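A.B. asks: sequence and predicted structure are below.
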Amino acid sequence: MTAQDVEHPAVRRGRTARQTERLARSMESLPYLTRKLAPVEVISAEGLALIEENADTLLEQVGIEIGNFPEAVEIFRGAGADVDGTRVRFARGMCRQIVQATAPHVFTQRARNPKRDVVIGDPYVVLAPSYGSPFIHNLDDGRRYATIEDFRNFVKLTYANHTLHHGGGTLCEPVDLPVNKRHFDMVYSHIRYTDKAFMGSVTQPSRAQDSVDMAKIVFGEETLEREHVIMGLANANSPMSWDYNMLGSAKVYAENNQIVLVTPFILGGAMAPVTIAAAATQTLAEALAGMAFCQIVRPGAPVIFGSFASSMSMQSGAPTFGTPEPQLVLFIMAALARRLGVPFRSGGNFTASKVPDYQAAYESAISFMATMQAGVNFNLHTAGWLEGGLAIGYEKFILDADQASMAQAFLAGVDLSDNGYALDAMLAGGPGQHFLGSPHTLANFENAFWRSELSNNDSFEQWESEGARDAAVRANERWKRTLRDYEAPPLDDGIHEALVEWIDRRKASFPDSDV
């Protein structure tokens with residue numbers, strides 16, 4: 001290596017400053033994205049219609065088993081369903097008609113900061129972080145159980161990240177807190193450490209109600225009657241059943257005019273048949289029953305049609321990610337949601353890898369590309385997913401969010417304006433003439449191409465002289481710097497005091513429990 005191979009520190013600092021300034025301009029945070037790219041369709045309208053017909057057959061002949069929730073059985077009976085004990089069956093088309101009659105096609109979830117309100121439904125796209133992991137992973141600690149401090153850290157990282165439009169919900173499970181009370185600290189963290197829209201608890205209906213009550217303190221009880229400020233995720237107990245905790249929590253959100261994300265969780269070969277069309281059919285049937293329930297409870301309550309489908313290793317039974325089959329299910333479910341007329345949730349940066357390695361990168365890239373192409377409106381698990389969802393990774397969070405930042409450019413589609421065609425620039429150039437100094441290039445170069453904030457495109461010598469850091473190491477430095485630089489958004493003192501007082505009083509009203 002010669003002296004000429006090593007860049008002078010002052011030159012490097014100037015180059016870095018210019019890069020940072022350009023990135024800040026080209027990657028300004030948007031409250032949500034608008035998809036101009038047409039969604040990919042993988043089967044015909046006739047094929048989709050047959051899946052809908054088969055889902056109706058399932059609902060009519062098999063029905064939905066309602067676990068330990070007699071009230072839900074009676075709610076369905078009152079709407080005209082056929083009830084036999086805890087089994088509820090539906091006349092053909094009944095669930096679809098209920099959903100289409102009152103469920104909104106598009107709605108807004110208010111954030112504490114009005115500039116961060118998100119619009120959910122076509123043609124809009126909202127990206128949210130990973131959800132539900134009991135473990136965390138980073139380069140410093142490896143894999144360990146998550147704590148409330150980790151939860152706060154991921155709230156702060158989400159708040160500081162320009163790619164993620166929504167605060168998400170259970171970013172990780174803080175296992176250092178009692179099971180029956182940790183939701184207070186989690187929802188409080190979303191309110192205190194970010195001003196983005198967020199999700200509440202669903203592990204029991206009482207915890208869902210606590211989440212809604214906390215939102216009422218922040219936004220005002222009358223606001224919740226008119227607007228939507230909090231979201232709950234309800235997973236079906238596949239196959240073809242809904243239990244008390246999930247459906248009961250969905251009832252709490254719906255009757256309070258808040259958002260219910262209704263998502264069957266399908267592991268192909270375990271909770272549904274192994275074939276793609278069958279998994280899509282069962283997903284549709286389960287989701288229709290859940291969404292119809294919400295509309296019966298409160299017509300017009302906002303729902304999101306969710307789909308989570310994974311393949312599995314037929315040798316070990318472990319979930320697998322980044323494989324073709326779940327991506328095809330995703331495309332089909334997105335098309336079915338459009339036909340139904342409700343917003344759609346699916347996709348993410350999925351991987352079964354335990355660390356942010358090559359496997360994590362390619363599995364996540366395949367999963368997220370399908371997410372963009374299918375036409376997903378609300379994307380949970382955009383950043384952080386590791387180990388099949390058992391862990392959320394600090395470095396993986398940063399790497400995923402960086403990759404997901406390309407969605408803005410990808411979903412914008414192809415520019416067909418005069419500037420996009422650039423005919424004048426090509427006419428002025430001529431054969432053999434480069435475009436580096438072209439007025440068109442100079443006018444567009446800052447925003448011509450998506451730029452990664454983490455990828456390294458330097459020469460080998462320059463990369464080596466600066467420490468030969470791989471992507472995970474660079475991400476490790478990024479999340480630590482982000483947390484050091486974090487500044488909390490403002491929160492009205494009176495609201496904060498009332499919230500803390502309410503939480504303290506509610507916590508003191510019943511004993512700690514780990515169930």
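C.D. replies: Yep, it's here.

A.B. asks: and the closest residue in space to G78 that isn't next to it in sequence, how far from E225?
C.D. replies: For G78, ignoring the flanking residues on the chain, the nearest one in space by Cβ to Cβ, 6 or more residues apart in numbering is I296 at 7.6 Å. Where C-beta positions appear, they are placed from N, C-alpha and C, glycine not excepted. Distance from I296 to E225, counting by Cβ to Cβ, to the nearest Å: 19 Å.

A.B. asks: quick one, which of those two is more surrounded?
C.D. replies: I296 (21 against 10; other Cβ atoms under 10 Å).

A.B. asks: tell me which element the residue nearest to G78 is part of?
C.D. replies: helix 276-297 (DSSP states H and E).

A.B. asks: paired strands for the helix or strand that that helix is followed by, with orientation please.
C.D. replies: The first helix or strand that comes after helix 276-297 along the chain, using DSSP H and E, is strand 303-306. Partner strands and pairing direction for strand 303-306 (DSSP bridges) are strand 259-267 (parallel), strand 344-345 (parallel).

A.B. asks: which residues sit against the shortest one?
C.D. replies: Residues from elsewhere that reach strand 344-345 (Cβ atoms under 8 Å, 6 or more residues apart in numbering): 261, 263, 304-307, 333-334, 337-338, 375-380.

A.B. asks: which helices and strands sit right next to whatever helix or strand comes next after it?
C.D. replies: Stepping forward along the backbone from strand 344-345, the first helix or strand reached (DSSP H and E) is helix 358-374. Applying 3 or more Cβ pairs under 8 Å, 6 or more residues apart in numbering; DSSP states H and E, we find helix 358-374 packed against helix 324-340, helix 394-404, helix 407-411.

A.B. asks: buried sites along helix 358-374?
C.D. replies: Residues of helix 358-374 classed as buried: 360-361, 363-364, 366-374 (neighbour count, 16 or more other Cβ atoms under 10 Å).

A.B. asks: need the residues that contact that helix.
C.D. replies: Residues contacting helix 358-374 (Cβ under 8 Å, 6+ apart): 37, 39-40, 125, 321-323, 326-327, 330-331, 333-334, 346-353, 379, 382, 385-386, 396, 399-400, 403-404, 407, 410-411.

A.B. asks: what mean pLDDT does it have?
C.D. replies: For helix 358-374, mean pLDDT is 97.

A.B. asks: chain center to it, what's the gap?
C.D. replies: 14 Å (Cα atoms, centre = their mean, to the nearest Å).

A.B. asks: got it, and stretch 410-429?
C.D. replies: For stretch 410-429, the distance to the chain centre is 33 Å (Cα atoms, centre = their mean).

A.B. asks: quick one: the helices in the stretch 401-515 of the chain?
C.D. replies: 407-411, 418-421, 423-429, 439-444, 460-465, 471-485, 493-508 (DSSP state H, counting those that start in this stretch).

A.B. asks: quick one, which of those is nearest to G317?
C.D. replies: In terms of Cβ to Cβ, the element of these nearest to G317 is helix 471-485, at 29.1 Å.

A.B. asks: give me the distance between E477 and R469.
C.D. replies: Distance, E477 to R469, using Cβ to Cβ: 8 Å.

A.B. asks: from the contacts of helix 358-374, which would you call buried?
C.D. replies: By neighbour count, with 16+ other Cβ under 10 Å, the contacts of helix 358-374 hold 39, 125, 321-323, 326-327, 330-331, 333-334, 346-353, 379, 382, 385-386, 396, 399-400, 403-404, 407, 411 as buried.

A.B. asks: buried stuff in stretch 437-445?
C.D. replies: 438, 440, 444.

A.B. asks: spatially nearest residue to the second one, not counting backbone neighbours?
C.D. replies: When you say that, I think you mean H440. Nearest non-adjacent residue to H440 (Cβ to Cβ, 6+ apart): A425, at 3.6 Å.
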